[in-house]
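Q: sequence-free structure coming up:
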């Protein structure tokens with residue numbers, strides 16, 4: 001089931017966020033990164049985000065068996081370093097627990113936040129699984145790339 005996130009989801013969303021980062025970026029981030037990037041810290045940030053009530057980019061969650069299996073957010077496209085947005089809408093985040101990869105949860109989340117039309121996103125490179133997922137849903141790299149504050153190279157993918 002896909003639904004809007006509520007404040008009570010903050011701890012589970014934090015677990016999804018943290019564990020998917022550990023899974024996807026284990027080879028891209030130094031081990032020291034995880035000394036401060038903890039589930040508890042993410043839970044605090046998610047609680048604050050969900051309590052503030054700001055509706056733009058409000059997260060939706062995929063609930064499976066009473067627990068949060070993934071989440072997604074989209075909103076107004078943002079500039080990144082020297083790259084102005086090429087579309088109005090941007091997928092800000094989409095994370096699904098590895099145990100639910102291939103279940104349709106990711107596609108349902110994407111559809112819930114960006115059901116149709118032109119959009120953009122930034123994805124880590126390398127991240128072949130995520131890039132393949134986005135290609136399957138009509139996104140293609142457009143050549144834009146930058147290195148983020150965590151020293152991860154990101155590429156922009158666009159959907160016409």
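A: Thanks, I have it. All of these numbers come straight from a predicted model, not from anything done at the bench. Numbering: from 1, shown residues only.
Q: can you tell me which helix or strand of this structure has the lowest average pLDDT?
A: Lowest by mean pLDDT, DSSP states H and E among the helices and strands of the chain is helix 33-36, with a mean of 92.
Q: now the residue most central in space within the chain: closest residue in space that isn't a chain neighbour?
A: Using Cα atoms, centre = their mean, the residue of the chain that lies closest to the mean C-alpha position is residue 93, 2.0 Å off. With Cβ to Cβ, 6 or more residues apart in numbering as the measure, residue 73 is the residue that lies nearest to residue 93, at 4.9 Å, once sequence neighbours are left out. Yep, even glycine has a C-beta here, placed from its N, CA and C like the rest.
Q: mind listing what the one you found touches?
A: Applying Cβ atoms under 8 Å, 6 or more residues apart in numbering, we find residue 73 in contact with 57-60, 91-94, 113.
Q: quick one: it is in a helix?
A: No. Following the definition DSSP: H, G, I helix; E, B strand; the rest coil, residue 73 is strand and is not counted among the residues of a helix.
Q: could you measure it against residue 127, distance?
A: Between residue 73 and residue 127 the distance is 18 Å, computed by Cβ to Cβ, to the nearest Å.
Q: hang on, the earlier thing: return the distance of the least confident helix or strand of the chain from the chain's centre.
A: Centroid displacement of helix 33-36 relative to its chain, using Cα atoms, centre = their mean, to the nearest Å, is 19 Å.
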